[in-house]
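[1] build the 3D model from these lines:
(chains A and B)
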Amino acid sequence: MSDIPAAGRLTVTPEAREAISHLRAAQGGPVMFVQSGGCCAGSTPMCFPDGELIIGDIDVLLGDIDGCPFYIDARLDDAWGRDQLILDVATGPPEGFSLAAGDNLHFITRSSACAAPSTTSEWSLP
Amino acid sequence: MKYVPPGETGSIVSVEPRYENFIGGKWLAPTQGKYRVDLSPATGRPITEVAQSTPEDVELALDAAHAAKDAWGEASATERAVVLNGIADVIEKNQEMLAVAESWENGKPVRETLNADLPLVVDHFRYFAAAARAEEGRSTEIEKDLVAYHFREPLGVVGQIVPFNFPLLMAAWKLAPALAAGNTSVIKPASPTPWSILKLAEVIEDVVPPGVINIVTGPGAEIGKALAANPRIAKISFTGETVTGRLIMQYAAQNLIPSTVELGGKSPNIFFNDVMAHDDEFLDKAVEGLVLYAFNKGEVCTCPSRALIQADIYDEFMARCLDRIGKIKQGNPLDTATMLGPQVSAQQIEKIASYVEIGKNEGAEVLIGGNRASVDAEFAGGYYFEPTVLRGNNKMRVFQEEIFGPVLAVTTFEDEADALAIANDTLYGLGAGVWTRDGTLAYKMGRGLKAGRVWTNCYHQYPAGAAFGGYKISGIGRENHLMMLDHYSQTKNLLVSYSVKPLGLF
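    Numbering: from 1, shown residues only, chains lettered A, B, ... in the order given. Just a heads-up that it's a prediction; the model follows:
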């Protein structure tokens, strides 16, 4: 993995944390998140059973939510200005091959540079 | 003219209450009997129900594709071309109906589906019918009595995953070359747009031999991997975002099969100052060329979503463009006067709105738009966003990531070197546009841009015969050209000795 400093750059909303907890129970193990870019569902984080996508040297570990890692491609991370990202859930089914965040819910990442619609307490991760 | 929405009295599009998978030339209910609602993004209301398939249904489709592959693979190029031309003919006969269906499901304005998507679908099948007929193997006289013959042979059964932005055209881009090369296909449409391709299947079902085209609808997490990682496919092709692209290539590597992935871009559209040398038809074309970022609601992998304008014409050129953008008619996608329909889904419009906020927070100036659009009450539940222009600089995130909406990021450049540096300062390299009256400059820019397609004094044209695909992280492989026959074939070499003399080694 890349050695770009990532500490504290992922924040998780309580809704996302709850969805992850349900997913862990349903999957019988941890999940992983990988931030996507490009066409169609680009810009959304993809959620898979942990280990589904092979992580490479190009990937930065941005955070870990109760044993569920969140990665971003270092090139994308640079292009996005090594932004602080907020993992949240939103209405609608997931895209790509991503697991859902619950019934008719999908995971999203928001930028901390962007005023969040919900400002409930968010838990910062090491 | 306004078309009546599919399923309503007087519509040219009939709608069944639910649609099964199209497998082996038959309509098969999903094994687990589950369905899900398919929505129109214009209203947010249901159109119909489609199969919520599971991996068992993918296996059924693969069974059918395998059962059909030998006969189809051994059919002569003439026979295959007759089928491809037959597909083109029946689609052409039903072009208006399919245009309305696709427009209603995707949200793209019917003026686009009538004049671009469907005619291109028809032509694509004809192009590959012709390519299959004209295809020749090569033979080489390696020595006087030693000849190498090269034949193309089909791969077998291929898996194809299409995106939501061009549900029919992207399916045609994948199916036509695969079939022309003698393969059979299992195709998965995107989750937001499963129905229009099933309407297309209804149209072509009597023309295509059973099992040659098989369509399975359902969520990517359930059936995407079941198809892409399946050891019974000989190739996988995919259009979508980068992480799924990686996953597709990973599965292909594990099965040791080839893959083609097209993963989007952040395409620059570059306007040199000589576009304003005359106030003429060409200038008008250039202005429209900038406004094409709103084509298909910006939901295009090659959306010209970064406009680079030479600084000395910026004010006047942009004023003309903003005037044109201000005249964009937004609303009912089935009204031929509508230029901008709804985004495909609630997820997409939320993403677009959040990017505009990101842009504002980064210091970008909103020149026009920036908000969800209000349209007629009938479409109040639709996912409409105003055509938007943000002015900023290329380091901003709104210049670096595809927003996939009608949002243009605009900046200026000083000279040719500056334009090239800004244009190439991106992770992606799918499309680019260059506008100038200077042919030499256009050529130099075209060769300097790190992108697979450089439109020169045009944009968003997709004729069959012009290769399409990405540089950098925009993907691997090409589509839309007869070279696709290579991508969908094995090369068989027969090395034949016509000499009777032994080697003399043993």
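[2] can you list contacts of the host helix or strand of B:Ser103?
    Element membership of B:Ser103 [criterion: DSSP states H and E] is helix B:95-106. Here helix B:95-106 makes contact (C-beta atoms under 8 Å, 6 or more residues apart in numbering or on different chains) with B:3, B:5-6, B:11-13, B:38, B:40-42, B:47, B:91, B:108-110, B:112-114, B:117-119, B:121-122, B:164-165, B:167-168, B:192-193, B:195-196, B:199-200, B:203, B:333-334, B:341, B:344. C-beta coordinates here come from the backbone N, C-alpha and C atoms, glycine included.
[3] how far is that helix from where the chain is centred?
    Here the centre of helix B:95-106 is set off from its chain's centre by 16 Å, with C-alpha atoms, centre = their mean, to the nearest Å.
[4] pLDDT (mean, whole number) over that helix?
    For helix B:95-106, the mean pLDDT works out to 98.
[5] ok, and the closest non-adjacent residue to whichever residue of chain A sits closest to chain B?
    Of all residues in chain A, A:Cys39 sits closest to chain B, at 2.7 Å by C-beta to the nearest C-beta. Once flanking residues are discounted, A:Cys39 sits nearest to B:Gly264: 2.7 Å by C-beta to C-beta, 6 or more residues apart in numbering or on different chains.
[6] and what of B:Ser139?
    The nearest residue in space to B:Ser139 (C-beta to C-beta, 6+ apart) is B:Tyr149, at 4.8 Å.
[7] neighbours of the one you found, how many?
    Close neighbours of B:Tyr149, defined as other C-beta atoms under 10 Å in any protein chain shown, add up to 13.
[8] that one pairs with what?
    Listed by DSSP bridges, the beta-bridge partners for B:Tyr149 are B:Ser139, B:Leu494.
[9] low-confidence stretches in chain A?
    Confidence mapping of chain A against pLDDT under 70 gives the ranges A:1-7, A:113-126.
[10] can you give me the strands in it?
    For chain A, applying DSSP state E gives strands covering A:10-12, A:31-35, A:45-49, A:59-65, A:68-73, A:85-91, A:105-111, A:123-124.
[11] just the buried positions in the second one, please.
    It refers to strand A:31-35. A:31-35 (16 or more other C-beta atoms under 10 Å in any protein chain shown).
[12] check those residues and tell me the two furthest apart.
    The most widely separated members of the buried residues of strand A:31-35, counting by C-beta to C-beta, are A:Val31 and A:Gln35 (14.1 Å).
[13] tell me the secondary structure at B:Ile422.
    On the three-state scheme (DSSP: H, G, I helix; E, B strand; the rest coil), B:Ile422 is labelled helix.
[14] contact partners for the closest residue to it other than its chain neighbours?
    Excluding its sequence neighbours, the residue lying closest to B:Ile422 (C-beta to C-beta, 6+ apart) is B:Asn394, at 4.9 Å. If you count contacts by C-beta under 8 Å, 6+ apart, B:Asn394 has them with B:306, B:400, B:411, B:422, B:425.
[15] how about the residues of the stretch 201-350 of chain B near chain A?
    By C-beta under 8 Å from any C-beta of the partner chain, the residues of the stretch 201-350 of chain B that approach chain A are B:219-221, B:224-225, B:228, B:239-247, B:250, B:262-265, B:299, B:301, B:345-347, B:350.
[16] let's see that with 6 Å instead.
    Residues of the stretch 201-350 of chain B lying close to chain A (C-beta under 6 Å from any C-beta of the partner chain) are B:220-221, B:224-225, B:240-244, B:247, B:250, B:263-264, B:301, B:346-347, B:350.
[17] hang on, the earlier thing: which of the contacts of helix B:95-106 fall within helices?
    Under the assignment DSSP state H, those contribute B:91, B:110, B:112, B:118-119, B:121-122, B:195-196, B:199-200, B:203 to helices.
[18] now for those residues: which two are most distant?
    In terms of C-beta to C-beta, the ones in helices among the contacts of helix B:95-106 reach their longest pairwise distance at B:Pro119 and B:Trp195, which sit 20.9 Å apart.
[19] these two - which one has more neighbours?
    Using other C-beta under 10 Å as the criterion, B:Pro119 and B:Trp195 rank with B:Trp195 on top: 27 against 16.
[20] from chain A, how far out is the more buried one?
    15 Å (C-beta to the nearest C-beta, to the nearest Å).
[21] pLDDT score assigned to that residue?
    98.
[22] kindly report the residues of chain A close to chain B.
    So chain A meets chain B at A:34, A:36-43, A:46, A:53-54, A:75, A:79-80, A:90-92, A:96-97, A:99, A:110-111, A:113-114 (C-beta under 6 Å from any C-beta).
[23] next, the contact list for B:Gly44, please.
    B:Gly381 (C-beta atoms under 6 Å, 6 or more residues apart in numbering or on different chains).
[24] revised request: answer the last question for B:His481.
    B:His481 makes contacts with B:Ala467, as judged by C-beta under 6 Å, 6+ apart.
[25] give me the helices and strands touching the host helix or strand of B:Val58, please.
    Assigned by DSSP H and E, B:Val58 belongs to helix B:55-74. Counting contacts by 3 or more C-beta pairs under 6 Å, 6 or more residues apart in numbering or on different chains; DSSP states H and E, helix B:55-74 is packed against strand B:21-23, strand B:157-161, strand B:184-188, strand B:213-215, helix B:225-228.
[26] what's the angle from that helix to strand B:184-188?
    Following axes from the mean of the first three to the mean of the last three C-alpha atoms, to 10 degrees, one obtains 150 degrees for the angle between helix B:55-74 and strand B:184-188.
[27] and the nearest residue to B:Val157 once chain neighbours are set aside, how many neighbours does it have?
    Excluding the flanking residues, the one nearest B:Val157 by C-beta to C-beta, 6+ apart is B:Ala65, at 4.3 Å. Here the count is done by other C-beta under 10 Å, and B:Ala65 has 27 residues near it.
[28] and B:Ala65, how far from chain A?
    Counting by C-beta to the nearest C-beta, the gap from B:Ala65 to chain A is 21 Å.
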